[in-house]
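Everything below, folded, please.
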Amino acid sequence: MKIYIAKRGGKIAGNAKKDLEKELSESVVTKDNALSYKYIYEDRQIEYDEKRR
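Below you'll find the predicted structure:
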């Protein structure tokens with residue numbers, strides 16, 4: 001059930017982003033406001049390692 005809710009929320013957010021970009025005629029994600037995937041990966045790795053102990 002949690003995965004379903006997360007996927008549904010992601011789809012809603014994605015659609016909202018696409019609609020806004022279409023309305024503005026430009027991308028809302030820039031190099032200044034994009035997430036750092038390296039940070040996200042390190043954060044997940046730390047959580048994963050803690051759970052294995």
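
so Tyr4 is in which element?
Taking DSSP states H and E as the criterion, Tyr4 maps to helix 2-24.

Revised request: answer the last question for Ala34.
Per DSSP H and E, there is no helix or strand for Ala34.

separation between it and Ser27?
Taking Cβ to Cβ, to the nearest Å as the criterion, Ala34 is separated from Ser27 by 10 Å. Where you see a C-beta, it was placed from the backbone N, CA and C, and this is true even at glycine.

can you list the weak-confidence ranges in this protein?
By pLDDT under 70, the weakly predicted segments of the chain are 36-53.

redo that, cut-off 90
Counting by pLDDT under 90, the chain has low-confidence residues at 1-4, 6, 29-53.

on that earlier part again, what sits up against the helix holding Tyr4?
Contacting residues not belonging to helix 2-24 are listed as Ser27, Val28, Val29 [Cβ atoms under 8 Å, 6 or more residues apart in numbering].

can you redo those as JSON lines with secondary structure?
Formatted as JSON lines, the contacts of helix 2-24 follow (DSSP: H, G, I helix; E, B strand; the rest coil):
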{"residue": "Ser27", "secondary structure": "coil"}
{"residue": "Val28", "secondary structure": "coil"}
{"residue": "Val29", "secondary structure": "coil"}
